[in-house]
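Asks: Structure for the following, please:
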Amino acid sequence: MTVLLLILLFAVLLGPFLFSFAERQLELYLFTLGIGAVFIAGNWNKALLHTVVTDPIAITCAVLLAGWLFRVFQQPFSQSISFAERLMPSRVFVALIVISIGLVASFITAIIAAVLLVSIISLLDYDRRTQIRLVILSCYAIGLGAVLTPLGEPLSTIATSRLDESFFYLFNLLGSDVITAIFLLGIITGIVIAPPHVKRGKEKKLEKESWTAIIIRSVKVYIFVMALSLLGTGFEPLLSPALEGKSPTFLYWTNMISAVLDNATLASIELGPTMDEPTIRAILMGLLISGGMLIPGNIPNIIAAGKLSITSKEWARFGFPFGLLAMIVYFFVVVY
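Replies: Numbers count the residues shown, from 1 in each chain. So this is what the prediction gives:
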């Protein structure tokens, strides 16, 4: 069993980079591997089926609702973004996008923040390389900001429950780290995202997104969340013995695996109410930072990548080295 699960784990990690079909149909690819992992681990049961089918419903509805709202209010939204872009210096504008969307993610949920992000990006006249970098930096900010309340994402919900703490516990524990990181991401964005070559003039008009496109995106999100649940459950027998009771430093670096696996599942394995706060901080920040490295690492990544047709290779080319550098810096400044 262990050998087969290890093979599947490598398939999850390397498949999108090696096989074009896995790249094009990432959700179905991960879903298939998730089913395989669950059956190999012997974890398939009616309770899991119920969880896998029902858990993605709320997130899928949020994506569908956000798509509908943007379709209805596209014109005033586009006018507001265009006005703000003309009003501010370009570097200040993109920095504020990253900072503001990161700070509100824990209240509007990471899903809606991601849909809002791709709507804004679609209105900006950046070349593809610059657009991808802006998306990745923004998704890092969303992933970090969403953890501050249990409303933001599944990771924060499970962490609060596992630790048996109050609504604002994660905000009090990680608030200074996360908010500082979001502002730093905004500053970095203002530095690395050069102003567009196209001179800002008239308001950019977008074609209204079809209902078919909105529904397809929602279905893909549903399948992706199902896949994450299956992968987390299937790999739990492999990961749980390797992670339980380990040192904060070991868990921090091992949590880079959340670049391809559901970080909420890893949090449920690693966290416990008797842990001290430095250990909890190390675990959660390792999960949050590494979640931006690759597309499967976070739900906002898959939404943004799907909407803007960003491939796994394009994402990894900037997202992985940036995340690795962030992991190293945070480790030596805070954890170590």
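Asks: Tally up the residues packed near residue 21, please.
Replies: One way to gauge burial is a neighbour count; for residue 21, by other Cβ atoms under 10 Å, it gives 11. (C-beta placed from N, C-alpha, C; glycine too.)
Asks: isn't it right up against residue 28?
Replies: No. Using Cβ atoms under 8 Å, residue 21 makes no contact with residue 28, being 9.0 Å away.
Asks: Would you confirm that residue 217 contacts residue 62?
Replies: No. Contact status for residue 217 versus residue 62: not in contact, 11.8 Å apart, counting by Cβ under 8 Å.
Asks: Which one's more surrounded, those two?
Replies: More crowded of residue 217 and residue 62, by other Cβ under 10 Å: residue 217, with 22 against 19.
Asks: contacting residues for the more buried one?
Replies: With contacts taken as Cβ atoms under 8 Å, 6 or more residues apart in numbering, residue 217 has the following neighbours: 63, 67, 303, 306, 307.
Asks: and what of residue 322?
Replies: Contacts of residue 322 (Cβ under 8 Å, 6+ apart): 136, 137, 140, 292.
Asks: swap in residue 331?
Replies: Shown in contact with residue 331 (Cβ under 8 Å, 6+ apart): 249, 252, 253.
Asks: Not counting residues beside it along the chain, what's closest to the spatially most central residue of the chain?
Replies: Within the chain, the residue whose C-alpha comes closest to the C-alpha centroid is residue 298; the distance, by Cα atoms, centre = their mean, is 2.5 Å. Ranked by Cβ to Cβ, 6 or more residues apart in numbering and with sequence neighbours excluded, the top spatial neighbour of residue 298 is residue 291, at 4.3 Å.
Asks: do you know how far the one you found is from residue 308?
Replies: Residue 291 sits 18 Å away from residue 308, going by Cβ to Cβ, to the nearest Å.
Asks: got it, and residue 138?
Replies: If you go by Cβ to Cβ, the gap between residue 138 and residue 308 works out to 11 Å.
Asks: Now the common contact residues for the two.
Replies: Common contacts of residue 138 and residue 308, defined by Cβ under 8 Å, 6+ apart, comprise residue 121.
Asks: And the two? Which one has more around it.
Replies: More neighbours surround residue 138 than the other of residue 138 and residue 308, with 31 against 16 (other Cβ under 10 Å).
Asks: and that one, what does it touch?
Replies: Residues in contact with residue 138 (Cβ under 8 Å, 6+ apart) are 97, 98, 101, 102, 117, 121, 189, 304.
Asks: can you check residue 226 too?
Replies: 31, 34, 52, 53, 55, 56.
Asks: of all the contacts of residue 217, which comes closest to residue 172?
Replies: residue 303 (28.8 Å; Cβ to Cβ).
Asks: Thanks a lot, catch you later.
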